[in-house]
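S.K.: Show me how the following folds:
(one chain, ligands or ions: 1)
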Amino acid sequence: MDQFKNDLKEEQSRINFVRNKMIEDVAFLQKQTSSVKTDIVNIRKNFWDDVTVNMDDAVEAGETATSIKQQAEFLSEREHRHKHLDRDLKNLKRLIDTPYFARIDFLEDGERVLESIYLGIASYLDRNSDEFLVYDWRAPISSLYYDYSLGPAEFTAPGGTVRGELKLKRQFIIKDAIIEGMFDSGITIGDELLKEVLGKQSDTQMKNIVATIQQEQNKVIRNEKGKLLIVQGAAGSGKTSAALQRVAFLLYKYRETLEAEEILLFSPNPMFNSYIRNVLPELGEENMQQTTFQQYLQHSLGEYFEIEDPFSQMEYMLTAQKEDFYEIRHKAAKYKSSFQYMDKIESYLTYLGKQGMVFQDITFRGNVLFSSDAIYTYFYSLSPTISITNRVKLVSDWLVSELKKLEKKERNKEWVEEEIQFLSKEEYQFYYQKLSKQKRFSQDTFDDFNREQENLSKYVVKRHFNSIKKQIATHDFIDIPAIYQQLFKLPGETFEENVGDEISDSDWADICSFSINEINHERLTYEDATPFLYVKEKIEGFKVNTSVKYVFIDEAQDYSAFQFAFIKHIFPNARFTVLGDLNQAIYAHHSYSGIEALKFLFDSERTERIELKRSYRSTKQIIEFTRALLENGNEIDPFNRQGSKPVMVEKDSTEALINGIAQRVKTLDSYKSIAIICKTAQESENVYKLLKEKTEVHLVDKRTNEFGLGVVIIPAYLAKGIEFDAVFIFNGSKEQYGSEDVRKLFYTACTRAMHELFVYYKGEITPFISEIPQHLYNEEF
Ligand SMILES: Nc1ncnc2c1ncn2[C@@H]1O[C@H](COP(=O)(O)OP(=O)(O)OP(=O)(O)O)[C@@H](O)[C@H]1O
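M.R.: Numbering: from 1, shown residues only. I've put the predicted structure just below:
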């Protein structure tokens, strides 16, 4: 028998051994879990029987309280135990079919016995021998597997650095406890296994990559040095994957102190949330909190305006070139994304500290209780050394105390009496009960008509005034939209020396008239939403979230400098992991990419940068093609997985494009997911109408929440972050992709392809392609 067969046999018999142990343990744990469960049910059922309740005097009452406390603690201990057992059981069940994915043999310096370490998604300890039969992939010793090839190696254990030699590195593909593949690797983590994994078809759910994490990705996953970790990586280099395994790593390493809900991920769109939601549960961890920045804005500002979302902004930028304000909106979007704009707002806020706040009247039944002028006068009567936020608080206190006086006066008004007369039976009873509770009446009836009237009027007025108090508490008396709008109305020199180098006076004047008009129509553009919120929070007090310990920002190139500064402000206690690719910066403010701006926000000594140059998603042929679309593309290193070259297909009409794509899609029925990527939502809708007559297709728009298989038609900017077996660019013509502005959008669209890429076009092909060497693609006519 040759060596390999012999090894395989031995490994299989170890798996059988481990699996049998696990099966025994599952039975053992199930028994324990069910016994603890029975305990819990019994404690709950007999809770009061087992407590001695005696309230006769203070001593007895104290003893009763202690007895209840003891019983509650006992219950809580059992519940805690149950939770643990349940988690162990789930982990064990997850391991049974695939107990591990790799083995390393390590000889520690000074030791004579070689240690074999098997790595799986969770640890497994033999209860009898106390020996780890499987090590968690996140355990310190497991990093040897990811960081070293055969030869000298070391890892950091809690007690210090452990040095030695890595003698063997072996990978397995195990299904149903049978070894289906086994690779001994020398240099990197088995290209063979990685090829096999990457060659598979796509899925609706992203998969974990723990068996094949690459060395540079492992640096991202285990990095713990900085306050800010910036990961700049090529399309398909595993940024999202690394981010998710990093969450799993942190949850493992800090399991005593860190909960999943203390980690927050900002993702590019709601569909992306569904795409990644299985990775952590697969690894036995709970999902972190997930949101999009838009959801955050909507949550904070929804009551004020109809807020434009980033996709509508994008759609506007791509389709509205002929509209009157297009050029100026473009400039405005860039400017409003910048630090210069934030500085401008800061000087405006300083100005507001001295004058210019805009308030609203507080009215009641058509009468003004507090005029905006009175509020203004009171606000500026307060010392200018007090911050705006604190003065707002003092104004609120003043309003509430004045309101109390007005409340008293209001009770004698005619409307109150009328309202009392028209009180429904239920309301009357409600008041009556309230009043009786306060012992304002003797026995069951009102003892005196006047008293009854007095008390009822008090309650009627109070009920109405409560809503005014609420308005005061939520600062409704401050006219934030008017304050924000005033920024564009006041001549720049009113509150600052000049408007900054980035924008000319005449552009600023145009931006002002555009912005004023938008707010007049109660619309807030996406580029205004964060600055608007910033002004609001600066005036009313910043709502910070101190419980979040780690913030992850994926597709970070889409965030502006302004947005980053804002996010940093809201999470003062968090460490940040920011992942992005400047080559996929497709938004209007791209020349002010926030990633570059991060260096101004964080201390450089506490900032770590990791670059991921290797790209894994696509075949070598697709990566060689897509990287040629970029100026600096040669830096991207394709993983060597072979496939066919991208195909350029010329057609002479839209109808021919549709027919050609419909036919080709039918020949690709072995693929699970195919995307027809359009430039805009508008184009996607048109293509959908035409194509659905010919083949089964689904339209994806910004409201789509679930990522589905099959053939989808999708605008390029929504395909961010996700991938498909085959990608069709619907019309890669010069007409569609002729200007430099959309090069990155085109690149992003093409890089979504895993196995095959087709660029269909009508008329002249985009210059992005006509400029690159022809040997990188095939052509069809
Ligand atoms: N080490 C790895 N082992 C197995 N698969 C990997 C590995 N690294 C990346 N991949 C796969 O490559 C694909 C791209 O990964 P991912 O989406 O994380 O990249 P990305 O850098 O976020 O891409 P983009 O910026 O283009 O959205 C995914 O299918 C992922 O599973």
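S.K.: Could you use CA atoms for every contact and neighbour count after this?
M.R.: OK.
S.K.: what's the next secondary structure element after the helix or strand bottoming out on mean pLDDT in the chain?
M.R.: Sorting the helices and strands of the chain by mean pLDDT, DSSP states H and E puts helix 425-437 at the bottom, at a mean of 74. Counting by DSSP states H and E, the next helix or strand C-terminal to helix 425-437 is helix 449-473.
S.K.: follow-up on the earlier one: just the angle between the least confident helix or strand of the chain and helix 449-473, please?
M.R.: Angle between the axes of helix 425-437 and helix 449-473 is 100 degrees (criterion: axes from the mean of the first three to the mean of the last three C-alpha atoms, to 10 degrees).
S.K.: can you list the residues of the stretch 551-700 of the chain near the ligand?
M.R.: For the stretch 551-700 of the chain, the residues in contact with the ligand (C-alpha under 6 Å from any ligand atom) are 616-617.
S.K.: Now with 8 Å, please.
M.R.: Taking C-alpha under 8 Å from any ligand atom as the contact definition, the stretch 551-700 of the chain meets the ligand at 554-555, 579-581, 584, 615-618.
S.K.: just these: which has the poorest pLDDT?
M.R.: For those, the weakest pLDDT value sits at residue 584, with 88.
S.K.: Now for that residue: which residues touch it?
M.R.: Contact analysis of residue 584 by C-alpha atoms under 8 Å, 6 or more residues apart in numbering lists 235, 557, 744-745, 747-748.
S.K.: if we go to 7 Å?
M.R.: 744-745, 748 (C-alpha atoms under 7 Å, 6 or more residues apart in numbering).
S.K.: repeat for residue 298
M.R.: Residue 298 neighbours (C-alpha under 7 Å, 6+ apart): none.
S.K.: For the closest residue to residue 571 other than its chain neighbours, the count of nearby residues, please.
M.R.: Excluding the flanking residues, the one nearest residue 571 by C-alpha to C-alpha, 6 or more residues apart in numbering is residue 545, at 5.2 Å. Residue 545: 13 surrounding residues under other C-alpha atoms under 10 Å.
S.K.: Could you shift the numbering so residue one becomes 514, and keep it that way?
M.R.: That works, and once the first residue is 514, the last one we named lands at residue 1058.
S.K.: And residue 1058, how far from residue 1035?
M.R.: As defined by C-alpha to C-alpha, to the nearest Å, residue 1058 lies at a distance of 29 Å from residue 1035.
S.K.: same check, this time on residue 637
M.R.: The gap separating residue 637 from residue 1035 is 59 Å, by C-alpha to C-alpha.
S.K.: Equivalent analysis for residue 735, please.
M.R.: Per C-alpha to C-alpha, residue 735 is found 47 Å from residue 1035.
S.K.: out of the two, which sits in the busier spot?
M.R.: residue 735 (18 against 14).
S.K.: need the contact list for that one.
M.R.: Residue 735 neighbours (C-alpha under 7 Å, 6+ apart): 759, 762.
S.K.: Repeat that for residue 613.
M.R.: Contacts of residue 613 by C-alpha under 7 Å, 6+ apart are 631-634, 647.
S.K.: The nearest residue to residue 718 once chain neighbours are set aside is in what secondary structure piece?
M.R.: Spatially, and ignoring its direct neighbours in sequence, residue 718 is nearest to residue 788 (4.8 Å; C-alpha to C-alpha, 6+ apart). Using DSSP H and E, residue 788 maps to helix 783-789.
S.K.: next structured bit after that helix?
M.R.: Following helix 783-789 in sequence, per DSSP H and E, is helix 792-795.
S.K.: What is the helix or strand hosting residue 1113 packed up against?
M.R.: Using DSSP H and E, the element containing residue 1113 is helix 1107-1114. Helices and strands touching helix 1107-1114, by 3 or more C-alpha pairs under 7 Å, 6 or more residues apart in numbering; DSSP states H and E, are helix 1074-1083.
S.K.: Tell me which other helices or strands the helix it packs on touches.
M.R.: Secondary elements touching helix 1074-1083 (3+ C-alpha pairs under 7 Å, 6+ apart): helix 852-867, helix 1107-1114.
S.K.: Out of those helices, which is the most enclosed?
M.R.: helix 852-867 (a mean of 18; mean count of other C-alpha atoms under 10 Å).
S.K.: which residue sits closest to the residue of the stretch 814-963 of the chain found nearest the ligand, ignoring its sequence neighbours?
M.R.: Nearest residue of the stretch 814-963 of the chain to the ligand, counting by C-alpha to the nearest ligand atom: residue 824, 17.0 Å away. Leaving aside its sequence neighbours, residue 824 sits nearest to residue 1215 (C-alpha to C-alpha, 6+ apart; 7.1 Å).
S.K.: That neighbour should be in a helix, yeah?
M.R.: No: counting by DSSP: H, G, I helix; E, B strand; the rest coil, residue 1215 falls outside a helix, being coil.
S.K.: Tell me, how many residues neighbour it?
M.R.: Residues lying near residue 1215 (other C-alpha under 10 Å) number 17.
S.K.: Residue 775 now?
M.R.: A total of 17 residues lie near residue 775 under the criterion other C-alpha under 10 Å.
S.K.: That one: what's it in contact with?
M.R.: Contacts of residue 775 by C-alpha under 7 Å, 6+ apart are 1060-1063.
S.K.: And the furthest pair within the residues you listed?
M.R.: The largest distance within the contacts of residue 775, taken as C-alpha to C-alpha, falls between 1060 and 1063 and amounts to 9.3 Å.
S.K.: which residues are contacting stretch 1242-1249?
M.R.: Residues outside stretch 1242-1249 that contact it (C-alpha under 7 Å, 6+ apart) are 1189-1191, 1271-1280.
S.K.: domains of this structure?
M.R.: 514-720, 729-816+1057-1128, 875-952+959-987, 1133-1292 (the TED database).
S.K.: where does the closest residue to the ligand within the stretch 1164-1294 of the chain land in three-state SS?
M.R.: Nearest to the ligand in the stretch 1164-1294 of the chain, going by C-alpha to the nearest ligand atom, is residue 1234, at a distance of 3.3 Å. The three-state label given to residue 1234 by three-state DSSP is coil.
S.K.: Same check on the one 10 residues further on?
M.R.: Classification of residue 1244 by three-state DSSP places it in coil.
S.K.: Name the next helix or strand downstream of the longest helix belonging to the chain, please.
M.R.: In the chain, assigned by DSSP state H, the helix with the most residues is helix 516-558. Note on helix 516-558: by DSSP H and E, the next helix or strand toward the C-terminus is helix 571-610.
S.K.: How far off centre is that next one?
M.R.: In terms of C-alpha atoms, centre = their mean, to the nearest Å, the centre of helix 571-610 is set 33 Å apart from its chain centre.
S.K.: which of the residues in it are buried?
M.R.: By 16 or more other C-alpha atoms under 10 Å, the buried positions in helix 571-610 come out as 576-578, 580-581, 584-585, 588, 591-592, 594-595, 598-599, 601-602, 604-609.
S.K.: got it, and stretch 902-911?
M.R.: Within stretch 902-911, the residues that count as buried by 16+ other C-alpha under 10 Å are 902, 904-909.
S.K.: Out of the residues you listed, the closest to residue 1176 would be?
M.R.: Nearest to residue 1176 among the buried residues of stretch 902-911, with distances taken as C-alpha to C-alpha, is residue 902, at 63.6 Å.
S.K.: Show residues contacting the least confident helix or strand of the chain.
M.R.: Under C-alpha under 7 Å, 6+ apart, the answer for helix 938-950 is an empty list.
S.K.: where does residue 933 land in three-state SS?
M.R.: Applying three-state DSSP: residue 933 is helix.
S.K.: how much space between it and residue 976?
M.R.: Taking C-alpha to C-alpha, one finds residue 933 at 12 Å from residue 976.
S.K.: same deal with residue 1250?
M.R.: Counting by C-alpha to C-alpha, the gap from residue 1250 to residue 976 is 62 Å.
S.K.: the more surrounded of the two?
M.R.: Between residue 1250 and residue 976, counting by other C-alpha under 10 Å, residue 1250 is the more crowded of the two (20 against 11).
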